[in-house]
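[1] Show me how the following folds:
(one chain, ligands or ions: 1)
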Amino acid sequence: MSIVELARENVRNLTPYQSARRLGGNGDVWLNANEYPTPVEFQLTAQTLNRYPECQPKLVIERYAQYAGVKPEQVLVSRGADEGIELLIRAFCEPGKDAVLYCPPTYGMYSVSAETIGVECRTVQAIDGWQLDLPAIAEKLVGVKVVFVCSPNNPTGQLINPQDIRVLLEMTRGKAIVVADEAYIEFCPQATLAGWLEEYPNLVVLRTLSKAFALAGLRCGFTLANEEIIGLLLKVIAPYPLSTPVADIAAQALSPQGIVAMRERVAEILVNRQFLIAELEKLACVEEVFGSETNYVLARITTSSAVFKSLWDQGIILRDQNKQPTLSNCLRITVGTREECQRVIDALQEQPGLAATE
Ligand SMILES: Cc1ncc(COP(=O)(O)O)c(C=O)c1O
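    Numbers count the residues shown, from 1 in each chain. Modelled structure (predicted):
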């Protein structure tokens, strides 16, 4: 038997997540991973590494709890929100028996994690403005243990109607966990569902330092939930999920000054987003620009694949969403610096003959 044949069948059949870094590219304008465009400086204060780190660093947990308005017992810190997704599936879904449910087009890691673990992925296409199709979800819930709702949604950028999430939470009470993925919530903080945790024992909220906190390279995310759920996740998490330098920097990012700096970054991105949307709307090759509550903008562009390639060749790396259901000809553009937004606009303006090919 070959080595590959020795591997689990679902791993052999798996299409890995096409992360921005895996897709490569030779750019100088990176607008394909919804990162913050410029680095933020940190000094390491923890200088010794001979001891193992705390599994759940106390200062990081306390600061995040305070920032999110929950109790420290309701917070789990992990290697990015992606690890939170995986832990939830591992803790709640029996491989080969239970299922997860999500509503495409949405974030790709729900399916990749479920498939890796051997858990069925059930999908219900989003409807009208990429909202939840509640009757179709209700019909497909048998055997589902975890429902992922990304709000604001990646890659479409809009919030999921909170009233629909309430209906979903009621529908799944005692049967399944509803995971609200709030990776981009800092760009629309009023929309968080963290305040609903007391009311719904089956609600989980995912957060990250990768976006508004400008720390994608740190790999640090949070799961907010009631104590019972956090207790279960603590059973399956690795003994030392965060290295000492990660915990050190995360605690600084969550200090009062760190949070003020994050809010300033968000304000700057929101101004740039407004600029980017207004300029995109003026372009002949842009058919539609979708509203966004996040640090990225989805736009439908004439001959989008050719445009994507042309910008790629000029070092401007966007994210092609063309293959996702309902997103034909759509490109996702991260809101970068003002100069980066301008580079995108200039490059799109120069696309030859696009209006003529319509
Ligand atoms: C919707 C969504 N959830 C989760 C993540 C993963 O975040 P992290 O970098 O914390 O693993 C991302 C990253 O792009 C995302 O877009």
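
[2] Leu132 is in contact with Gln158, isn't it?
    No - using C-beta atoms under 8 Å, Leu132 makes no contact with Gln158, being 11.8 Å away. Glycine gets a C-beta too; all of them are placed from N, C-alpha and C.

[3] if you count what's nearby, which of those two comes out ahead?
    More neighbours surround Leu132 than the other of Leu132 and Gln158, with 22 against 19 (other C-beta atoms under 10 Å).

[4] And the residue nearest to the more buried one when sequence neighbours are not counted, how close does it get to the ligand?
    Nearest-residue entry for Leu132: Asp164, 4.6 Å, with adjacent residues in sequence omitted and distances by C-beta to C-beta, 6 or more residues apart in numbering. Applying C-beta to the nearest ligand atom, to the nearest Å, the value for Asp164 to the ligand is 18 Å.

[5] cool, and Met1?
    With C-beta to the nearest ligand atom as the criterion, Met1 and the ligand are 35 Å apart.

[6] That residue - how many residues pack around it?
    Other residues close to Met1 by other C-beta under 10 Å number 5.

[7] How about the backbone phi and psi for the nearest residue to Thr156 once chain neighbours are set aside?
    Closest residue in space to Thr156, ignoring its immediate chain neighbours: Trp130 at 4.6 Å, by C-beta to C-beta, 6+ apart. Main-chain torsions, Trp130, degrees, to the nearest 10: phi 60, psi 50.

[8] Whatever residue of the chain ends up closest to the ligand - how many residues pack around it?
    Residue nearest to the ligand within the chain: Gly80 (2.5 Å; C-beta to the nearest ligand atom). For Gly80, the tally of surrounding residues (other C-beta under 10 Å) stands at 21.

[9] and if you look at Leu206?
    Using other C-beta under 10 Å: Leu206 sits among 25 other residues.

[10] Equivalent analysis for Glu54, please.
    So Glu54, with other C-beta under 10 Å, has 15 neighbours.

[11] residues contacting it?
    Applying C-beta atoms under 8 Å, 6 or more residues apart in numbering, we find Glu54 in contact with Ala247.

[12] before we move on, which element is it in?
    Taking DSSP states H and E as the definition, Glu54 sits outside all helices and strands.
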